[in-house]
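>>> Here is my input; please provide its structure:
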Amino acid sequence: MKIFYIILLLLLINDEVKSQLDLDNISKNLLYLEVGGIGGYGSLNYERIILIKEKLKIGARIGLSTYNVTDFRTKFNPDVIIPIGINGLYGNSHKIMVGFGQTISNIVSVNPSNWRTQRKTNLHLNFSLGYRYQKNEGGMMFGISYTPMVEFYKSYRHWVGISVGYMFKSKK
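Numbers count the residues shown, from 1 in each chain. Presented below is the predicted three-dimensional model:
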């Protein structure tokens, strides 16, 4: 039982030291617009840094996009596109970015048997490879990336994304 308490104490001390070194000056919340990219023609995205190891940072992202906002009867019934992914960032202010994830599309179409609207939800595999200017302490973010997508897990489509956003400064 003494061994258990010693290991627990060492883990707690190690975690506290790690958080003081890595997390105090690094911003973790990013809000950005991406034109093109894994959200289609454009998306509003939120990214949270979830792991920090010196120059390496891992972030989880989720976004929201739409293509058509009205259906074939011109009623408000937007298509919804949700890009979800994991990004790995390496560097200081100038970062190389590599990512992958899913793009969920919920698209309105016409049902040919009864001429009513129907929604179809599909998954698409996405990847990202690019450059991002983003200071660790927060502030403006700019990026450009090659973001290919495997639509419906069948056809390969080339996309490019340009991102502009703001990384919120961490509170001390």
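>>> helix/strand/coil for the spatially most central residue of the chain?
Residue closest to the average C-alpha location in the chain (C-alpha atoms, centre = their mean): Arg61, at 2.4 Å. Put simply, Arg61 is strand when judged by DSSP: H, G, I helix; E, B strand; the rest coil.
>>> from what I can see it touches Asn87, true?
Yes. Counting by C-beta atoms under 8 Å, Asn87 is a contact partner of Arg61 at 6.1 Å. C-beta coordinates here come from the backbone N, C-alpha and C atoms, glycine included.
>>> Let me see the contact set for the closest residue to Arg73 other than its chain neighbours.
Computed as C-beta to C-beta, 6 or more residues apart in numbering, the closest residue to Arg73 that is not its neighbour in sequence is Thr117, at 7.3 Å. Contact criterion C-beta atoms under 8 Å, 6 or more residues apart in numbering gives Asp71, Phe72, Arg73, Asn77, Val108, Ser109, Val110, Asn111 as the residues in contact with Thr117.
>>> Now do the same contact list for the first one.
Taking C-beta under 8 Å, 6+ apart as the definition of contact, the neighbours of Asp71 are Asn77, Val108, Thr117.
>>> Quick check: Thr74 vs Thr103, distance?
26 Å (C-beta to C-beta, to the nearest Å).
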